[in-house]
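Participant: Sequence unavailable; structure follows:
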């Protein structure tokens, strides 16, 4: 059989690559990927900062990733999400999905999809980013 140089029309898959990146406003303190400097989160989205000072330090210290300390955020940008799986974490059983930088594909942390214990429900839909994978940008003194 003779090989065709072009695939049949019904087999051609048209894709549009993502050529943009979300940028957070320069007037806000932000966190960026340490590997490629893509913006990840606005400081205002950091969950722990809304807690009083006594609890703030405790909560900031209490989140642990596989590579050390981590922060919990309400929302993030420039992040892709893998499939959810059940994991036993320090605070119990959760369904989590690994998150990665859309720009450089580095795994950054995870998204809490479901918490099985009622005391942990506040984490659902929130994101953990390990400090080892992010840096502070814009307006930090």
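Facilitator: In hand now; what should we look at? Remember, it's a predicted structure, so these values are computed and weren't measured experimentally.
Participant: Could you give the average pLDDT over stretch 88-106?
Facilitator: Average pLDDT, stretch 88-106: 93.
Participant: if I pick residue 106, what's in contact with it?
Facilitator: By C-beta atoms under 8 Å, 6 or more residues apart in numbering, residue 106 lies in contact with 33, 35-36, 100, 133. The C-beta positions use only the backbone N, C-alpha and C, and glycine is treated the same way.
Participant: Tell me the buried residues within the residues you listed.
Facilitator: Those of the contacts of residue 106 that meet the buried threshold are 33, 100, 133, by 16 or more other C-beta atoms under 10 Å.
Participant: Point out where the protein drops to low pLDDT.
Facilitator: 1-20, 23-27, 48-68, 139-141 (pLDDT under 70).
Participant: Just name the closest of the contacts of residue 106 to residue 125, please.
Facilitator: In terms of C-beta to C-beta, no member of the contacts of residue 106 lies closer to residue 125 than residue 100, at 17.7 Å.
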